[in-house]
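Colleague: Pasting the sequence and the predicted model now:
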Amino acid sequence: MSDTTGSLAAEHEALMQFLYLAPVGLVQAAPDGEIAMINPVSAQLLMPLSRDGGLANLFTALQDVAPELRTLVAQFAAPSGVICDGLHLHLHGGAGRRPQILSLSLVKLDAARLMAVLADVTLQVQRERQLRRSDAWLNALLASGTEYALASLDGQGRIERWHDSIARVTGHTEAVVGQPYTALLAPASGAGDQRLREADATGWSGAEQLCRRADGSSFRGSSIIAPLPAQDADEPAYCMVLRDLGACQGDAAAAGQRVPTQGGADGG
């Protein structure tokens, strides 16, 4: 009997350690939302939502961001199963806090118990949005005619790989590889490290400015710089898409305007 009691105590202790050391929020609740167990991560994520400073009921804590939870649980007729999976809860920033996005999965264990799993997915969602923006521009490039140029940049913003679209739009040869991406822009366009920092912070940096051809002439263009997913150190760090707006709009005046050359940047 004592061995059985000791074994149950050890299992209970191991379960509690798992509950409190888990890197995600775990909440066990009754079908009416009354919380039976909650780990520190859940308390940290849910406390800012509590109106009265308490966490007695899961549905009450989440009523401002997920008012449908009570209904979802009430309408779930199966004896057990997943009620919702990866539901995004948008928490508005306030009192010095930044907006957050939580992921909630709710599982019915049996007729008397629910298990909720909470995680902060703010950075993950932001990164997915950034990649979707980048994909949209790249898809536009692939579907375009002759007005787009694609350049791969290294971590310092130097043109890292050659693409024939650069020659098609700007006239620059492979000699431009290794030069800063600003070699494709007019000197007065005002670019540089600031664009790279903006791309790192927001997922992309877009601008409309005068761009420069290899012969020194300029054209009105737009460009976007987007960071690429982390890879090896010798892989490109950014992707730059340059668009010749004159080719789309017939802006002959902008295409014929001359700009000063900058030492070594002409490639010709």
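Modeller: Here it is on my side, so go on.
Colleague: nearest residue to Gly221 other than its sequence neighbours?
Modeller: Closest residue to Gly221 apart from its sequence neighbours, by CB to CB, 6 or more residues apart in numbering: Cys211 at 3.8 Å. Using the backbone N, CA and C atoms, a C-beta is placed for each residue, glycine as well.
Colleague: and whichever helix or strand that neighbour is part of, average pLDDT?
Modeller: Secondary structure from DSSP states H and E places Cys211 in strand 205-212. For strand 205-212, the mean pLDDT works out to 89.
Colleague: helices or strands next to it in the packing?
Modeller: If you count contacts as 3 or more CB pairs under 8 Å, 6 or more residues apart in numbering; DSSP states H and E, strand 205-212 packs onto helix 193-202, strand 218-227.
Colleague: Show me where the stretch 101-250 of the chain has its strands.
Modeller: Using DSSP state E, counting those that start in this stretch, the strands assigned to the stretch 101-250 of the chain run over residues 113-120, 148-153, 159-161, 205-212, 218-227, 238-244.
Colleague: which parts of the host helix or strand of Arg70 are buried?
Modeller: Element membership for Arg70 (DSSP H and E) is helix 69-75. For helix 69-75, a neighbour-count test (16 or more other CB atoms under 10 Å) marks 69-70, 73 as buried.
Colleague: can you redo these as JSON lines with distance to Ala43 and pLDDT?
Modeller: What follows is these, written out as JSON lines (distance: CB to CB, whole Å; pLDDT from 0 to 100):
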{"residue": "Leu69", "distance to Ala43": "18", "pLDDT": "94"}
{"residue": "Arg70", "distance to Ala43": "21", "pLDDT": "94"}
{"residue": "Val73", "distance to Ala43": "21", "pLDDT": "96"}
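Colleague: so which of those comes closest to Leu89?
Modeller: Closest approach between the buried residues of helix 69-75 and Leu89, by CB to CB: Leu69, at 9.9 Å.
Colleague: quick one: the helices in the stretch 51-200 of the chain?
Modeller: Ranges of helices in the stretch 51-200 of the chain, per DSSP state H, counting those that start in this stretch, are 58-61, 69-75, 122-142, 164-170, 193-202.
Colleague: rank those helices by pLDDT, which is bottom?
Modeller: Set side by side, the helices of the stretch 51-200 of the chain give their lowest mean pLDDT on helix 122-142, at a mean of 71.
Colleague: okay, now the closest residue to Leu104 other than its chain neighbours: neighbour count?
Modeller: Taking CB to CB, 6+ apart, and ignoring the residues beside it in sequence, Leu104 has Leu87 as its nearest neighbour in space, at 4.6 Å. Neighbourhood size, Leu87 [other CB atoms under 10 Å]: 17.
Colleague: residues contacting Leu87?
Modeller: 66, 103-106 (CB atoms under 8 Å, 6 or more residues apart in numbering).
Colleague: For it, give its distance to Ala116.
Modeller: Separation of Leu87 from Ala116 (CB to CB, to the nearest Å) stands at 10 Å.
Colleague: Can you pull the residues that touch both of these two?
Modeller: Common neighbours of Leu87 and Ala116, counting by CB under 8 Å, 6+ apart, are 104-106.
Colleague: could I get those residues as CSV with pLDDT?
Modeller: CSV is the format used below for the shared contacts of Leu87 and Ala116 (pLDDT from 0 to 100):
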residue, pLDDT
Leu104, 95
Ser105, 96
Leu106, 96
